[in-house]
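Undergrad: Pasting a predicted model and its sequence here:
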Amino acid sequence: MGVVDLVNALLGLMTPQILFSVLWATFLGIIVGMLPGLTATMGIALLTGLTFQWESANAIVILIAMYVGAIYGGSRSAILVNIPGTPANAAACLDGHPLALQGKAGEAIGIATTSSFLGSTIALFFMAFFTPYLGQVALRFQSFEFFWLTLFGVLICGNLTAPEDPLKGWIAGFIGLFLAMVGMDAIQAFPRFAYGQVDLYGGLSMIPALVGIYGMTEVIQTTVEAQRQGRIVQVRRVLPRIRDLIQNWKNIIRSGLIGTFVGTIPGVGENIASFVAYDFARRASKTPEKFGKGAIEGLAAAETGDNACVGGAIIPVLVLAVPGSPPAAVLLAAMWLHGMRPGPLLIIEAPNYIYEVSAMFFLASLAMLILGLSMVRVIVKILHVPTAILMPIILVLCAVGSFAINGRVFDILVMLLFGIIGYPLRKMQYPDAPLILGLILGPMLDENLRRGLILNEGSLMPFFSRPICIILIIFILMTLFSRSAILKRTMHALKQSITSMFRKKIT
Amino acid sequence: MKQKGMPKADFIMGLILMAFGLLAVVESVKFPTFKKDWGGFYAAPGFVPLILGITIFGMSLALFIRAIRGQGYKIIPGKDALRNFMRSKPVHRWCLAMLYAFGFFFLLGHIYFYLAAFLVLFAFMFTFSEQKTWQVLIISLVASAMIYLVFTKIFLVPLP
């Protein structure tokens, strides 16, 4: 049944206008992803403002194509220049660039392209056929579950994006949650922290804040640190060898599953997915010593993982209105702007929308495969553009993108201020993703906590007694205390006692 | 426990965030409670910001204590360090980037968008790129014209 719905959705998108949009947006995405300093999140945030006036299906397909293209595009610069175009492609540098130095740049690009496509296909399978079932589970979510879910999202995101120092990740997340409190609250419409500024009554606009954190911060960082470009390696044959793909089938499936799973974790994103997939591939490899020296297995795992994560990150956007990655957060904001209502009720109000988004994702992935294998030399030429030329153009685009949604110059100021705050935060190792996730989930946390308390006359019992709440609380505690030595020892002892029950006793 | 990176930066950031958390708490308490119409304090618009303020304060206190343990309180720079900081190229680049970005912002609405865009592009590229002046002039002219035309004619986006 799902297959028929997916095919119908795909046929519905087969209009010249949509196909043309998919092609140009994927192409633009590849360029954005490929240029160091321009990220998928920034690309989607900019395009959201620019396509705001467009018909919603066309606008959303453009954003998804930009997302898919940008996450893939970063592998180009990773392979050719040893600079990951986006943070998601950092793992691709490890084996991609050594392959290029061995004269196999084209081959590496071919493997990265096909692996990315296969990763997307695995994620598509889950997005199209499992999301409706997850939607059924999401229907059981009430205010209590949503409160814990938002809290879990911010904490796990802080934990995973700041692995060296989770405290900074959590602080960033809570600052994001607090900034979301600015403006009129959802229950009594009381203006909070607005100080009489009418522009602040509606809250801090999401897109200018996102453009500021990802776009303006990058402009400042690149300018201040005067980043230079690396030497670009020559490209020859691009089509991958079938033999390489067949030899890697287990690796690709495993990395696709890992990528999709990591994608569904709130706010975590593609950079973690690619490293986790890479790590698993190295552990499973018969020749782990070749990793880091130009192993096709490593490159295939990293690229399958990050592109599968794109699909995985869209799944919670659709069923829970909780983004799986920073670019998915912008996508969620864009869906809201276009009048969509992703969340648990989507499965009742617009069940076909899941298939439509899946079909859009498939078209974008197909465009990525075609463009990725065919326009290599043309696209590589763009890498020659100096960042000092590119960054001021990005600054102007950030201003245009921020202004476009509400037509307020105030939003440009918001964008600039977020850029100014974002740079020192980044330098002090506060991750961007929890801040943005907090900003997006803040209203959900506020509304659901207070609504849950109002409905139960201040009783906290439902927050701690419902089954899904208990599961989420356990997850939160595990996130908070995952590094505690006591917990580690307890878990180890528990594991030992369980395994010892099944072990043969030697007498 | 492993010593975490930058204690000096954490010390300053801990102080700033503690002040921020405290301010958030004080401001949240000032909000009306709507107790009569909505039941209890939990319905007040300041309830969640208050919890968030307390949490931010608590976490920044942990950061602050950790920074003190790492001797992050030794933050007063010597004369040489201050001089080096003032003379460092990244600081100059940051100041100039801010000047151009805010200059662009203040020009918007006062002069035509494409003129403001041209000025900021030219100033930025002239200062930071290694291209010749005539190249910078042509690139900024073409780029500002392209941005104006693409967004007003194709994307139909209103420009500031």
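TA: Perfect, thanks for sending it.
Undergrad: Can you name the residues that contact residue A:29?
TA: Neighbouring residues of residue A:29 by C-beta atoms under 8 Å, 6 or more residues apart in numbering or on different chains: A:40, A:43, A:65-70, A:72-73, A:368. C-beta here means a position set from N, CA and C on the backbone, and glycine is covered the same way.
Undergrad: ok, for it, nearest residue in space, not its chain neighbours?
TA: residue A:69 (2.2 Å; C-beta to C-beta, 6 or more residues apart in numbering or on different chains).
Undergrad: mind pulling up the phi and psi values for that neighbour?
TA: Main-chain torsions, residue A:69, degrees, to the nearest 10: phi -60, psi -40.
Undergrad: what's the answer for residue B:75, then?
TA: phi -100, psi -10.
Undergrad: Contacts only, for it.
TA: Counting by C-beta under 8 Å, 6+ apart, residue B:75 has contacts B:8, B:11-12.
Undergrad: any idea which of the contacts of residue A:29 has the most stuff around it?
TA: Counting neighbours by other C-beta atoms under 10 Å in any protein chain shown, the top entry in the contacts of residue A:29 is residue A:72, with 36 neighbours.
Undergrad: Give the helix, strand or coil label for it.
TA: At residue A:72 the chain is in helix, as set by DSSP: H, G, I helix; E, B strand; the rest coil.
Undergrad: my guess is it contacts residue A:116, does it?
TA: Yes: in this structure residue A:72 lies within contact range of residue A:116 using C-beta atoms under 8 Å: 4.5 Å.
Undergrad: what is in contact with these two at once?
TA: Common contacts of residue A:72 and residue A:116 (C-beta under 8 Å, 6+ apart): A:303, A:307, A:368, A:372.
Undergrad: So which of the residues you listed sits lowest on pLDDT?
TA: Minimum pLDDT for these is recorded at residue A:372 (88).
Undergrad: elements contacting the strand or helix carrying it?
TA: Using DSSP states H and E, residue A:372 sits in helix A:352-374. Using 3 or more C-beta pairs under 8 Å, 6 or more residues apart in numbering or on different chains; DSSP states H and E, the elements in contact with helix A:352-374 are helix A:2-12, helix A:16-34, helix A:56-81, helix A:105-129, helix A:131-138, helix A:296-320, helix A:346-349.
Undergrad: Save those helices as a markdown table, and put in distance to residue A:477 too.
TA: Formatted as a markdown table, the helices and strands packed on helix A:352-374 follow (distance: least, C-beta to C-beta, whole Å):
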| stretch | distance to residue A:477 |
| --- | --- |
| helix A:2-12 | 36 |
| helix A:16-34 | 37 |
| helix A:56-81 | 32 |
| helix A:105-129 | 28 |
| helix A:131-138 | 22 |
| helix A:296-320 | 21 |
| helix A:346-349 | 30 |
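Undergrad: quick one, which of the ones you listed is packed in tightest?
TA: Stretch with highest mean neighbour count among the helices and strands packed on helix A:352-374: helix A:296-320 (a mean of 32; mean count of other C-beta atoms under 10 Å in any protein chain shown).
Undergrad: quick one, phi psi at the residue nearest the centre of chain A?
TA: Centroid check for chain A by C-alpha atoms, centre = their mean gives residue A:325 as the closest residue, at 2.8 Å. Per-residue torsions, residue A:325: phi -160, psi 160 (degrees, to the nearest 10).
Undergrad: and it, what does it touch?
TA: Contacts of residue A:325 by C-beta under 8 Å, 6+ apart are A:263, A:267-270, A:309-310, A:313, A:433.
Undergrad: can you do 7 Å?
TA: A:263, A:267-270, A:309, A:313 (C-beta atoms under 7 Å, 6 or more residues apart in numbering or on different chains).
Undergrad: got CSV for those, with distance to chain B, pLDDT and secondary structure too?
TA: What follows is the contacts of residue A:325, written out as CSV (distance: C-beta to the nearest C-beta, whole Å; pLDDT from 0 to 100; DSSP: H, G, I helix; E, B strand; the rest coil):
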residue, distance to chain B, pLDDT, secondary structure
A:263, 27, 87, helix
A:267, 17, 68, coil
A:268, 20, 71, coil
A:269, 22, 77, coil
A:270, 25, 85, helix
A:309, 28, 93, helix
A:313, 25, 92, helix
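Undergrad: circling back to that earlier point, identify the farthest-apart pair in the contacts of residue A:29.
TA: Spanning the widest gap among the contacts of residue A:29 are A:43 and A:368, at 13.8 Å by C-beta to C-beta.
Undergrad: Mind checking what secondary structure the closest residue to residue B:40 other than its chain neighbours has?
TA: Nearest non-adjacent residue to residue B:40, counting by C-beta to C-beta, 6+ apart: residue A:458, 4.7 Å away. Under three-state DSSP, residue A:458 falls in the coil class.
Undergrad: Is it correct that residue A:458 is in contact with residue B:38?
TA: No: using C-beta atoms under 7 Å, residue A:458 is not in contact with residue B:38; the gap is 10.4 Å.
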